[in-house]
Structures are given as structure tokens and as C-alpha cells.
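Chemist: model this:
(2 chains)
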Amino acid sequence: MYKIVFFGTSEFAVPSLKALMDDGRFEILGVVTQPDRPVGRHAVLTPPAVKLEIPAQAGIQILQPEKLKDESFQTWIKGVGPECDAFVIISYGKILPQWLLDLPKHGVINVHGSLLPRWRGASPIQAAIAAGDEKSGITIMQLDAYMDHGSIIRQIEEPIHADDIGSTLHDRLAESSGKYLPDILSDFLDGKIQPREQDHTAATYCQTLAREDGKLDFTKTATQLERLIRAYNPWPGTWMDFDGQRLKIISARIGAEDNAKSAGQKFSRDNTPCLACANGTILEITQLQPEGKSAMTGAEFLRGKRNWE
RNA sequence: CGCGGGAUAGAGCAGUUGGCAGCUCGCCAGGCCCAUAACCUGGAGGUCGCCGGUUCAAAUCCGGCUCCCGCAA
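Modeler: Numbering: from 1, shown residues only, chains lettered A, B, ... in the order given. As a prediction, this is how the structure comes out:
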């Protein structure tokens, strides 16, 4: 049995953790995840998704160090690390320092949500949809000292559909990871797979996203914005200013062009609120959400808001 | 007790000097039309989130409560 320690925090890591827990080839000596954080409107202290997946009777040790330098964590990881075949890190949320990468026998294995070297960084799924990529996928790789830079063990492609939003692609990639990771990890540890170095000249990068990044810029084309709206749904979401408030745009489609409209102009067509974008391209808003209100369709929005045009 | 918006017909919203509850849709019936998601006529559908208070009279003023949501984290 291979001994591993699992580092992971968010939903993306859950299918992989479950797959490894259920697989007799692996013994999980511990799960390292972020501390419980205040979440939501009333800042309720909430455990990370990964922690919630671990049944109490599994007897798996859970560690939630605030910092990797915490003395108790260091003592534990340095004790258990050298007997590990590998650490598996998926969506953990911290950069692992070199001393930690050096602990396990075969290093640290990472799953990244893109086909590296494309989309290194913190938001590969949103970046792929926003860029109009036709396919995405997961990369199982060795972690080295640079971000998403290590040698590739294996990649699994996943097509991006025209109606994919951030969460749907996220979920498929997470499932894909859970489905393939155990076998690939096992083969790698058996020495059956020789990792290959990335083509670093082909690397592209994406940033950590914040809510501000979701502000729609109507000097872009409707095609670009429609992709962005899907990519950023549900996180970080896209929005525009209207009536002194923030209007979240949940979904939209591309309408027939109209060169008489100027970029950013609001109008309606067939009971659907529309926005003019670059070069006369038109975005038809199908679903949106005003501040303080629940999500509604574009037609519903127009019934109450007479000042859209 | 982090800041803020909201709850009125099936949906989206108006409605404060307190005085019979409205609009745009949808729905039902009928009409017009070759036809229609278009147009015309009529109709059904509300304990105005809940509890209490003030008043001759409360959607509206006062107090308490529940739920939904935007921001922030």
C-alpha cells in the first residue's frame, strides 16, 4: 500500500480525495486542509469542503494549520513525510515550500485544472472558457518550486461546451480527477510513467480572480462578454452599474448586430434587455439579479424597471 | 450584534399629509384574423411576510419576530 498525505481544501479536491480514500492501494496518513473560515453574510465559521467529506469513523487525521510554519504541524509532517510515497495536493490554497516538497519519497503530485502549460495560475477554468478554448482538461504533474511548472505525469482532456459555465466545467474536471487520479498515481509510483517536462515557451497565465474582475466592459465584443459571463458564473460573477446599484448579469446570449447603438447603450428588444457592445455587437440579457433581489429573467426585470432604456 | 436592500394577485413592480388595493405580464372566457407570442372585450385571483400597539380607520405610524438577497470577509 502506498502511503500518502492529502493536501486539499475546496470542492475541486473532493472527488479525488474520495477516490483515494476508497482505493485499497492507498493509505492516507493524514489530510491537510485550510482552517475553518467565517463564511457568508453572518460570517458563520465553516469547515472546508474537503473536511466535510471525511467521515469521522474513517479515522483519518485532519490537520488545519494556520501556517505551514506552525510548530505542531511541522513536527507532524516531518515525522510522517519521509515514510510517505507521495503527497497529493489539489486546490489546497497555499504554496508549499521546498522543504515540504522534499519530504516524500517520490515528491509531491498536483492536479491542475487545465492542460498545462496553458493557464498556469489560480483561475484556469474561468480563463479557458473566457478565452473561448475548445477544450480544457486536467494535468497531473510533479510539483516543483515554480507555480504550475513541474513535469507532466499525465493529462486528461475535457471538451468545453458552448453552454458551459464555470461551475459545470469545474465539476467535470473535478470528477475527471477523481476518476483517473488513483490509477495514474499508482502507475507513477510503480515507475511505469516517465514524467515529461512542460514546454515552458508555450505557457500562458491566469490571475486570482476578485469580484471587481467581473465588471463588464462594453468596449469588448458581445462574444467576449458572453464567454466571460459564462466563465465567471458563479465565481466571481459578472455585473454592471445600473440605477446606482450593482446589477449582476447571470446569463446572456448574442443578439443580432445593430450598428446604430453605441457601446454600453441599454435598450430592449422582444421583452429582453439588451446591451450594445463593441462594433455594434449586441448582448441580450436572459437572466440577471438586482441588488437585494433574487435572480430573475430579463423579461421579468423589464416589467418592473421602466427606466432601462 | 460588520454595512445595506427587500417581503403587496402565479411573476416583476407601484402605492407616506393613514381613508374602498393598483400597473405591466401571465392565467381563464369571448371576439377579431388566413394565422399568431399581435390586437380588442370581459373575468378569476390578495388574511398587503408574522405577532402585538396607536387610531373611528393601518399596506402606510410604533415595537417585536421570521425569511430572502447585494456588499464586505
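
Chemist: grab the nearest non-local neighbour of the residue of chain A most remote from its centre.
Modeler: Most distant from the centre of chain A: residue A:260, at 38.7 Å, with distances by Cα atoms, centre = their mean. Distances taken as Cβ to Cβ, 6 or more residues apart in numbering place residue A:280 nearest to residue A:260, at 7.8 Å, with adjacent residues excluded. Any C-beta I mention is one placed from the backbone N, CA and C, and that applies to glycine too.

Chemist: what does residue A:117 give?
Modeler: residue A:203 (3.9 Å).

Chemist: equivalent analysis for residue A:65, please.
Modeler: In space, residue A:65 is closest to residue A:73, 3.8 Å off (Cβ to Cβ, 6+ apart).

Chemist: and for residue A:286?
Modeler: residue A:251 (4.9 Å).

Chemist: which helices and strands sit right next to the helix or strand where the one you found lies?
Modeler: Per DSSP states H and E, residue A:251 falls inside strand A:245-255. Applying 3 or more Cβ pairs under 8 Å, 6 or more residues apart in numbering; DSSP states H and E, one finds that strand A:245-255 contacts helix A:222-231, strand A:238-242, strand A:282-290.

Chemist: now with 10 Å, please.
Modeler: Applying 3 or more Cβ pairs under 10 Å, 6 or more residues apart in numbering; DSSP states H and E, we find strand A:245-255 packed against helix A:222-231, strand A:238-242, strand A:272-276, strand A:282-290, strand A:296-297, helix A:298-304.

Chemist: checking residue A:125 next. Helix, strand or coil?
Modeler: helix (DSSP: H, G, I helix; E, B strand; the rest coil).

Chemist: count the neighbours of it for me.
Modeler: Residues contacting residue A:125 under the criterion other Cβ atoms under 10 Å number 27.

Chemist: thought it was touching residue A:115?
Modeler: No - taking contacts as Cβ atoms under 10 Å, residue A:125 lies outside contact range of residue A:115: 11.6 Å.

Chemist: and the helices in the stretch 101-250 of chain A?
Modeler: For the stretch 101-250 of chain A, the helices defined by DSSP state H, counting those that start in this stretch occupy A:124-130, A:166-189, A:222-231.

Chemist: the last one close to RNA strand B?
Modeler: No - among the residues of helix A:222-231, none lie within reach of RNA strand B under Cβ under 7 Å from any atom of the strand; the closest is 14.2 Å away.

Chemist: centre of the chain to that helix, how far?
Modeler: Relative to its chain's centre, helix A:222-231 lies at 17 Å (Cα atoms, centre = their mean, to the nearest Å).

Chemist: what comes up buried for it?
Modeler: For helix A:222-231, a neighbour-count test (16 or more other Cβ atoms under 10 Å) marks A:222, A:224, A:225, A:226, A:227, A:228, A:229, A:230, A:231 as buried.

Chemist: can you list the strands that the helix or strand of chain A with the lowest mean pLDDT pairs with?
Modeler: Ranking every helix and strand in chain A by mean pLDDT, DSSP states H and E puts strand A:44-46 at the bottom, with a mean of 85. Applying DSSP bridges, strand A:44-46 is found paired with strand A:37-39 (antiparallel).

Chemist: is the strand it pairs with in proximity to RNA strand B?
Modeler: Yes - using Cβ under 7 Å from any atom of the strand, strand A:37-39 comes into contact with RNA strand B via A:38, A:39.

Chemist: now do that strand, average pLDDT.
Modeler: Mean pLDDT, strand A:37-39: 88.

Chemist: what lies in contact with that strand?
Modeler: Residues outside strand A:37-39 that contact it (Cβ atoms under 10 Å, 6 or more residues apart in numbering): A:9, A:43, A:44, A:45, A:46, A:47, A:48.
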